[in-house]
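Give me the fold of what follows.
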Amino acid sequence: MDRQKNVLEQKKQTLLKIDGIGVSRLKDFFDASHLKAAEQELNFIEKNNIETLYFKDENYPEKLKHCIDGPLLLFQRGNINLKNQRIISVVGTRKITQSGIAFCEKFIEELVR
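Below is the predicted model:
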């Protein structure tokens, strides 16, 4: 937590010296509503027993560490072994259709046979 706190205590001019940080990224950086939203998200994660895996964590899947667009954080709930299982990811829309649901169900049924 100290590192996050230190970032928030820095002056904007200091943060602008960091490669990849620009004026547009810092525009709303210090907006208190973002911290409130992050706090609500952390409370939700804790309340629902969701585990977060940071890409530098030991139990973060090794194969994802080598993907240029792999996620910085993974969220999981339950007993999931991400190291020794075959894993299939389905990427789609947030507003799934009934045909999308049916396709995924049929696809999974075929895999477990």
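
Enumerate every residue touching the residue sitting nearest the centre point of the chain.
The structure's the chain has its C-alpha centroid closest to Leu73; by CA atoms, centre = their mean the separation is 3.5 Å. Listed by CB atoms under 8 Å, 6 or more residues apart in numbering, the contact set of Leu73 reads Thr52, Leu53, Tyr54, Phe55. The C-beta positions use only the backbone N, C-alpha and C, and glycine is treated the same way.

does the second one sit in a helix, a strand or a coil?
Spelled out, it's Leu53. Under the three-state scheme (DSSP: H, G, I helix; E, B strand; the rest coil), Leu53 adopts strand.

so what's it scoring on pLDDT?
On the pLDDT scale, Leu53 is placed at 88.

if we can go back for a sec, and the contacts of Leu73, which are buried?
Buried residues within those, counting neighbours by 16 or more other CB atoms under 10 Å: Leu53.

and the next element down the chain from the lowest-mean-pLDDT helix or strand in the chain?
Ranked by mean pLDDT, DSSP states H and E, the helix or strand of the chain with the weakest confidence is helix 2-9, at a mean of 64. The C-terminal neighbour of helix 2-9 among helices and strands, as given by DSSP states H and E, is helix 12-16.

ok now that following helix, how far from the chain's centre?
26 Å (CA atoms, centre = their mean, to the nearest Å).

Kindly report the same for stretch 54-68.
So, by CA atoms, centre = their mean, the centroid of stretch 54-68 is 12 Å from its chain's centroid.

what ranges do the helices span in this protein?
Here the chain has its helices, by DSSP state H, at 2-9, 12-16, 23-26, 32-47, 62-65, 98-112.
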